[in-house]
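Asks: Quick one: sequence and predicted model below, then my questions.
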Number of protein chains: 2
Amino acid sequence: MPKSIDIHLVKRPEGMPRESDFAAMERNVADVRDGEILIQNLFMSVDPAMRPRLSRGQELNEPIGGPATGRVIQSRNPSFREGDTVQHRMSFRQLALSDGKGVTRLDVDPALPLTVYMHVLGNGGFVAYGGLLEIGKLKDGEQVFVSTAAGSVGSIVAQIAKIKGCFVIGSTGSDDKASWLTSLGLDVVINYKKESIREALKRAATRGLDVYFDNVGGDHLNAALPRMNLLGRIPVCGMVSAYNNPGALSAPINTLSNIIYGRVTIRGFTADDFPHLRSKFNEDMTTWVKSGKIKYQETIVTGIENAPRALIGLLNGENTGKMLVKLA
Amino acid sequence: MPKSIDIHLVKRPEGMPRESDFAAMERNVADVRDGEILIQNLFMSVDPAMRPRLSRGQELNEPIGGPATGRVIQSRNPSFREGDTVQHRMSFRQLALSDGKGVTRLDVDPALPLTVYMHVLGNGGFVAYGGLLEIGKLKDGEQVFVSTAAGSVGSIVAQIAKIKGCFVIGSTGSDDKASWLTSLGLDVVINYKKESIREALKRAATRGLDVYFDNVGGDHLNAALPRMNLLGRIPVCGMVSAYNNPGALSAPINTLSNIIYGRVTIRGFTADDFPHLRSKFNEDMTTWVKSGKIKYQETIVTGIENAPRALIGLLNGENTGKMLVKLA
């Protein structure tokens, strides 16, 4: 009987998660029954959206859920064959048993590394693409601001905006990341740990902002609101600043009143908002990645036992680009 | 030569305006020249949106601008005749001289009092109508929350939502106003001065909220955000809570993160967003007012000298319904 090491949530984190909130558990995995498949996970991702679920949503004393890519190693389900590459949300475990629901077969381009399907060609890329073009209604040549611009979503947003001929301002929290963003062609890069985001953005956005792609909320949102042009759009993808401070007065909300006369739209969204864009996205993004128009960085941590540390590192901004855990 | 008493802004208010921030000045009015008209103002309105303009936008030592209804008493402009009823933005003065730009002739229904064209059939009604139906995309039978529901915009929003068969929750700051709202047929009325808006709204919105029509921002917005249903909409018409507290930490912004998974839209708007609705609005609202489906209250203060006090009273919530100043 094969064994799987799984990472359980054993304690709800207060503020920043600690390694002691997690535990590695060994599990015996039964052979598949009719209709089931057994997946060996190859890669899993950690991302900021996992943090709020640890406080509410994720069950205690069970393996944590999240995006993973794996290979089918046993199948008694007619929709899957052994050897299929699949994506699903049963991460933080080496082996996953499934009836096939929520498991998607991946059509992998052999010229690309498998990991790209976890970021630029995966959900991160799709959220960046649809969030900017559909929710943000980006028009060629507009003025764009992206927070956490060196992150897995932000860096794709910034590069798509450059492909569309926009003036792009990005914020990030280290000089290394800032250099990388400059190398990608961003027009202005702000290191928010070195200067006031509010002052720096005011100086940089001389023609205002048509789109602010918000990954963090808080201070960044407050800095962007007074800069928004008439009919500006703020697609909200994440609010990292709130995740570890659920009760804090993180920022004055009253900059929000700027949206009235500017007739600004703030729109929270997920990938569920634009399923119709999926095939166009696959086509555009594959072309852009292959031609080098979209570049990416990865930080790959090896071993299931290091998954909690990877997640904590991500929340502390220790990653460069997409943070992945290699499981096999 | 006719004389006009005008109210000037002589000092920018800090926080709540005081009467000493204003001064009444007498002005000699020249006879009209070619292309000009002279208007005797009959009514002017005071509204919350005037407050931010006193801090920025309104010139010092000049008559204050704002909505007014008047009668043309001299005309050398072919577009206007003496006796025409007109609307314009040269308020806080008895007489207004104009070249006709920004002055609109009013097609008055003789069965209705002239004052209704300053509220239900004026900009307040139009903003309520377009904000709820066009920006809020209200559907019949939805769950609706309106802040300052007894105000000139809020009370119309609440009544339109009832006409559309919605479950309507309104908040207000006094028992008298609450009684009036109950008499209008609102399903739940919250007196936010007597109970926590957050707790009361949580209790009342058992089926969540599809639309929150926001007139105040701050605590009310924070209370509404966690209650929003999937794809909920928040048309933002005003943020009174911010106007007198430009620097204050008025509320935790991090409830905003609720908009992400709920895919909620927050949209600031003005009447400029839906000019195409004007004739449909005039038709619907005239019908509703005449049939008694839309009711209104007015507080009418008499005399130009009392205009500053009317504005301050409005900002302190001393009005019942639309606050107007009768000038002649």
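Replies: Ah, there it is. Numbers count the residues shown, from 1 in each chain, chains lettered A, B, ... in the order given.
Asks: what helices or strands is the host helix or strand of residue A:279 leaning on?
Replies: Using DSSP states H and E, residue A:279 sits within helix A:278-290. Counting by 3 or more C-beta pairs under 8 Å, 6 or more residues apart in numbering or on different chains; DSSP states H and E, the packing neighbours recorded for helix A:278-290 are helix A:123-130, helix A:154-163. Placement of C-beta: from N, CA and C, glycine included.
Asks: To residue B:257, which of these lies closest?
Replies: For these, the distance to residue B:257 is smallest for helix A:123-130, at 15.7 Å, taking C-beta to C-beta.
Asks: Which strands border the helix or strand just after that closest one, and is each parallel or antiparallel?
Replies: Sequence order places strand A:143-146 as the next helix or strand after helix A:123-130, per DSSP H and E. Strand pairing for strand A:143-146, using DSSP bridges, gives strand A:167-172 (parallel), strand A:209-213 (parallel).
Asks: Residue A:60: neighbouring residues, count only.
Replies: 11 (other C-beta atoms under 10 Å in any protein chain shown).
Asks: any idea what it is structurally, helix, strand or coil?
Replies: coil (DSSP: H, G, I helix; E, B strand; the rest coil).
Asks: next one: residue A:317
Replies: Strictly by three-state DSSP, residue A:317 counts as coil.
Asks: Could you list the buried residues of the host helix or strand of residue A:220?
Replies: If you go by DSSP H and E, residue A:220 is part of helix A:218-224. Neighbour counts using 16 or more other C-beta atoms under 10 Å in any protein chain shown place A:218, A:219, A:220, A:221, A:222, A:223, A:224 of helix A:218-224 among the buried residues.
Asks: one step back: any idea of the angle the helix holding residue A:279 forms with helix A:154-163?
Replies: 90 degrees (axes from the mean of the first three to the mean of the last three C-alpha atoms, to 10 degrees).
Asks: how about TSV for the buried residues of helix A:218-224, with distance to chain B and pLDDT added?
Replies: Converted to TSV, the buried residues of helix A:218-224 look like this (distance: C-beta to the nearest C-beta, whole Å; pLDDT from 0 to 100):
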residue	distance to chain B	pLDDT
A:218	7	85
A:219	9	88
A:220	11	92
A:221	7	91
A:222	7	89
A:223	12	93
A:224	12	96
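Asks: Around chain B, pick out the residues from the stretch 1-150 of chain A.
Replies: Counting by C-beta under 8 Å from any C-beta of the partner chain, the residues of the stretch 1-150 of chain A close to chain B are residue A:52.
Asks: Point out where the stretch 1-150 of chain A drops to low pLDDT.
Replies: The model of the stretch 1-150 of chain A has no residue with pLDDT under 70.
Asks: The residue in it that chain B sits nearest to: neighbouring residues, count only.
Replies: As assessed by C-beta to the nearest C-beta, chain B sits closest to residue A:52 within the stretch 1-150 of chain A, at 7.4 Å. Residue A:52 is flanked by 20 other residues according to other C-beta under 10 Å.
Asks: Next, work out how far apart it and residue A:106 are.
Replies: As judged by C-beta to C-beta, to the nearest Å, residue A:52 and residue A:106 stand 27 Å apart.
Asks: Equivalent analysis for residue A:81, please.
Replies: 13 Å.
Asks: gap between the closest residue to residue A:141 other than its chain neighbours and chain B?
Replies: Of all residues not flanking residue A:141 in the chain, residue A:165 sits nearest, at 4.9 Å (C-beta to C-beta, 6 or more residues apart in numbering or on different chains). Here the criterion is C-beta to the nearest C-beta, to the nearest Å. By it, residue A:165 lies 27 Å from chain B.
Asks: wait, residue A:165 sits on residue A:139?
Replies: No. Counting by C-beta atoms under 8 Å, residue A:165 stays clear of residue A:139, with 9.5 Å between them.
Asks: which of the residues in stretch A:49-65 are buried?
Replies: A:49, A:50, A:51, A:52, A:54, A:58, A:63, A:64, A:65.
Asks: With secondary structure added, can I get those in TSV?
Replies: As requested, the buried residues of stretch A:49-65 are exported to TSV (three-state DSSP):
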residue	secondary structure
A:49	coil
A:50	helix
A:51	helix
A:52	helix
A:54	helix
A:58	coil
A:63	strand
A:64	coil
A:65	coil
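Asks: Residue A:178 against residue A:186, yeah?
Replies: No. Counting by C-beta under 8 Å, residue A:178 stays clear of residue A:186, with 9.1 Å between them.
Asks: Compare these two (neighbour count), which wins?
Replies: Neighbours per residue (other C-beta under 10 Å) separate residue A:178 from residue A:186, with residue A:186 holding more: 25 against 22.
Asks: What residues are bridge-paired with the closest residue to residue A:10 other than its chain neighbours?
Replies: Nearest non-adjacent residue to residue A:10, counting by C-beta to C-beta, 6+ apart: residue A:23, 4.8 Å away. Note on residue A:23: beta-bridge partners by DSSP bridges are residue A:8.
Asks: Which stretches in the stretch 201-328 of chain A count as helices?
Replies: A:218-224, A:240-243, A:258-262, A:278-290, A:307-315 (DSSP state H, counting those that start in this stretch).
Asks: Do the third one and chain B come into contact?
Replies: Yes. Helix A:258-262 comes into contact with chain B (C-beta under 8 Å from any C-beta), by way of A:258, A:259, A:260, A:261, A:262.
Asks: who's in contact with the second one?
Replies: The one in question is residue A:259. Counting by C-beta atoms under 8 Å, 6 or more residues apart in numbering or on different chains, residue A:259 makes contact with A:225, A:228, A:265, A:266, B:236, B:266, B:267, B:268.
Asks: measure stretch A:130-142 end to end?
Replies: Between the start and the finish of stretch A:130-142 there is a gap of 17 Å, counting by C-alpha to C-alpha, to the nearest Å.
Asks: contacting residues around the residue nearest to residue A:180 when sequence neighbours are not counted?
Replies: Leaving aside its sequence neighbours, residue A:180 sits nearest to residue A:150 (C-beta to C-beta, 6+ apart; 6.1 Å). Residue A:150 makes contacts with A:170, A:172, A:174, A:177, A:178, A:180, A:181, A:297, A:320, A:321, as judged by C-beta under 8 Å, 6+ apart.
Asks: If anything else comes up later, I'll come back, but that's it for now.
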